[in-house]
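Chemist: A structural model of the following input is requested.
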Amino acid sequence: MNAFDRNSASKPNEPAVLHYGDGEYAVLKAGAFVLCAVTGAKIPLEALRYWDPINQEAFAGPQQALTRWQDRNPKP
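Modeler: Presented below is the predicted three-dimensional model:
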């Protein structure tokens with residue numbers, strides 16, 4: 001399975017479980033969305049563009065990804 005798998009249509013109200021890689025993700029459990037690690041917002045799989053493969057987290061957009069990075073890398 002990959003980002004273009006269409007099995008998510010059969011489970012429109014369930015979150016998907018993904019494994020985030022570098023530049024792609026694998027669908028481990030079909031679903032229609034994942035939750036943003038910062039805001040908790042639902043992100044439809046077709047709109048998912050930002051994730052962290054090291055910490056296995058998804059982000060709703062670049063601002064949320066930056067916020068998480070700043071939280072993990074505080075200024076000295």
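
Chemist: tell me which element the residue nearest to the spatial centre of the chain is part of?
Modeler: Nearest to the geometric centre of the chain sits residue 58, at 2.8 Å (Cα atoms, centre = their mean). Using DSSP states H and E, the element containing residue 58 is strand 57-59.

Chemist: report the distance from that strand to the chain centre.
Modeler: Offset of strand 57-59 from its chain centre (Cα atoms, centre = their mean, to the nearest Å): 4 Å.

Chemist: over to stretch 58-69?
Modeler: The answer for stretch 58-69 is 10 Å, by Cα atoms, centre = their mean.

Chemist: pLDDT averaged over that stretch - what is it?
Modeler: What stretch 58-69 shows for mean pLDDT is 98.

Chemist: run through who's touching it.
Modeler: Stretch 58-69 is contacted from outside by 18, 20, 34-39, 41, 43, 48-52, 57, using Cβ atoms under 8 Å, 6 or more residues apart in numbering. In short, each C-beta sits where N, CA and C put it, glycine included.

Chemist: what is the burial count for residue 75?
Modeler: Neighbours of residue 75 under the rule other Cβ atoms under 10 Å: 4.

Chemist: equivalent analysis for residue 39, please.
Modeler: By other Cβ under 10 Å, the residues close to residue 39 number 14.

Chemist: tell me the contacts of it?
Modeler: Counting by Cβ under 8 Å, 6+ apart, residue 39 touches 60, 64.

Chemist: hmm, try it at 6 Å
Modeler: Applying Cβ atoms under 6 Å, 6 or more residues apart in numbering to residue 39 gives the contacts residue 60.

Chemist: and it, what element?
Modeler: Applying DSSP H and E, one finds residue 39 in no helix or strand.

Chemist: what about it, distance to residue 46?
Modeler: For residue 39, the distance to residue 46 equals 19 Å [Cβ to Cβ, to the nearest Å].

Chemist: show me where pLDDT drops low in the chain?
Modeler: 1-10 (pLDDT under 70).
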